[in-house]
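A.B. asks: Turn this into a structure:
(one chain, ligands or ions: 1)
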Amino acid sequence: MVEKPVSVGIDIGGGSTKIGLVEPDGNIIVNEILKLTEIDAPEDLLDAYINKIKSWKEQYRDFQIEAIGVGVPGHVINDHRATDICNLPFLNRFPLADYLEKNLQLPVWIENDATYAGVGEYRYGSGQQSERFLLATLGTGIGLTFIEHGRIHATGNGTLGDIGHMIIDRNLTFQCRKGCWGCIESVASGVAISRDAKQLAQKYPESYLGKVFERENRDPTVRHIIEGSFEGDPVCIGKLNETADWLGLWACNVVQIFAPHRFAFGGGWSASGQGFIDKLYQRAKSVGIEEYYNRVTFVQATKGNLAGILGAASFAFDHARNTRV
Ligand SMILES: [Zn+2]
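C.D. replies: Residues are numbered from 1 along each chain as shown. Sure, this is the predicted structure:
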């Protein structure tokens with residue numbers, strides 16, 4: 001019997017890791033979320049992945065694992081062998097690829113997590129056949145990936161710099177988690193929205209957010225603002241529009257740098273739907289150079305939180321096969 005080729009995609013997050021076995025056509029054989037919150041040593045984290053992959057080797061005997069792709073929430077250093085300035089600081093400068101290769105005898109390729117999400121969307125989701133594709137990830141932070149004719153563009157450290165920290169608020173009202181003032185993350189990231197949602201809940205106790213605060217005894221989040229807006233709550237609708245306004249200004253800058261043909265949005269806010277994304281487009285168009293907007297469409301990302309493992313797995317295939325030739 002001929003074993004079918006698969007690769008492993010690993011998407012390292014703050015408190016959990018997504019990991020999956022993926023065929024070359026993007027079919028996911030299995031995927032799991034590993035909750036690894038107590039860990040603070042790199043070997044412990046990587047051993048959890050190694051044990052999972054070894055158990056899959058036993059369980060899925062019809063398949064031959066060829067390579068591993070790892071998406072890291074940080075910079076990519078040492079020729080795609082390690083990470084730095086990572087959201088998990090204990091991984092900084094640890095020889096991540098060496099450790100996995102030594103223990104599994106499989107080639108490893110590392111990219112930034114947003115980059116892999118972009119690759120996943122480009123190859124299997126909202127970016128297919130787009131010559132100039134941008135993916136924005138609107139989550140805890142704000143990330144951006146640019147793929148031109150199938151090639152990833154990075155300006156440094158395996159990323160497009162810190163483009164989620166472009167300064168757009170001239171009043172410099174808030175400081176973001178990385179320390180800059182008035183950046184798009186300071187007003188429109190998950191962290192910023194949670195901060196504002198809590199204040200709105202306290203200021204308007206009769207609003208949807210106020211009731212969430214009272215009923216569930218916890219701080220409301222992006223999800224609650226989206227739910228409230230669907231129910232017609234004016235405070236939630238107001239916050240959604242304000243956020244669309246900020247993101248629209250940021251998107252305008254981004255569009256006028258990269259001139260994309262398609263601009264996809266994923267992460268928490270994308271659950272607001274195409275109506276929200278249309279607001280970003282209108283806002284960007286209203287302040288920008290019109291000709292950019294005649295050739296770009298703004299769309300929702302379609303692969304959700306699986307984009308990262310899809311991109312990681314498929315890119316790992318490419319690198320394993322190219323290096324073998
Ligand atoms: Zn910032």
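A.B. asks: Give me the helices and strands touching the strand or helix carrying Glu121, please.
C.D. replies: In the assignment (DSSP states H and E), Glu121 maps to helix 113-124. Packing partners of helix 113-124 (3 or more Cβ pairs under 8 Å, 6 or more residues apart in numbering; DSSP states H and E): strand 4-12, strand 63-72, strand 132-138, strand 142-148, strand 151-153, strand 262-267, helix 307-324. Where you see a C-beta, it was placed from the backbone N, CA and C, and this is true even at glycine.
A.B. asks: and that helix, C-alpha only, in PDB?
C.D. replies: Only the C-alpha atoms of helix 113-124 are listed here, as PDB (Å, rounded to 0.1, in the frame of the first residue of the first chain):
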ATOM      1  CA  ASP A 113       1.800  33.200  12.400                       C
ATOM      2  CA  ALA A 114       0.100  36.000  10.400                       C
ATOM      3  CA  THR A 115       2.200  35.100   7.400                       C
ATOM      4  CA  TYR A 116       1.000  31.500   7.600                       C
ATOM      5  CA  ALA A 117      -2.600  32.600   8.000                       C
ATOM      6  CA  GLY A 118      -2.100  34.700   4.800                       C
ATOM      7  CA  VAL A 119      -0.700  31.700   3.000                       C
ATOM      8  CA  GLY A 120      -3.600  29.500   4.100                       C
ATOM      9  CA  GLU A 121      -6.200  32.100   2.900                       C
ATOM     10  CA  TYR A 122      -4.300  32.600  -0.400                       C
ATOM     11  CA  ARG A 123      -4.000  28.900  -1.300                       C
ATOM     12  CA  TYR A 124      -7.300  27.600   0.100                       C
END
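A.B. asks: Please enumerate residues in contact with that helix?
C.D. replies: 9, 11-13, 26, 69, 71-73, 111, 127-128, 130, 133, 135, 137, 143-147, 150, 152, 154, 158-159, 264, 266, 301-303, 306-312, 314-315 (Cβ atoms under 8 Å, 6 or more residues apart in numbering).
A.B. asks: Now the buried members of those residues.
C.D. replies: By neighbour count, with 16 or more other Cβ atoms under 10 Å, the contacts of helix 113-124 hold 9, 11-13, 26, 69, 71-73, 111, 127, 130, 133, 135, 137, 143-147, 152, 158-159, 264, 266, 301-303, 306-312, 314-315 as buried.
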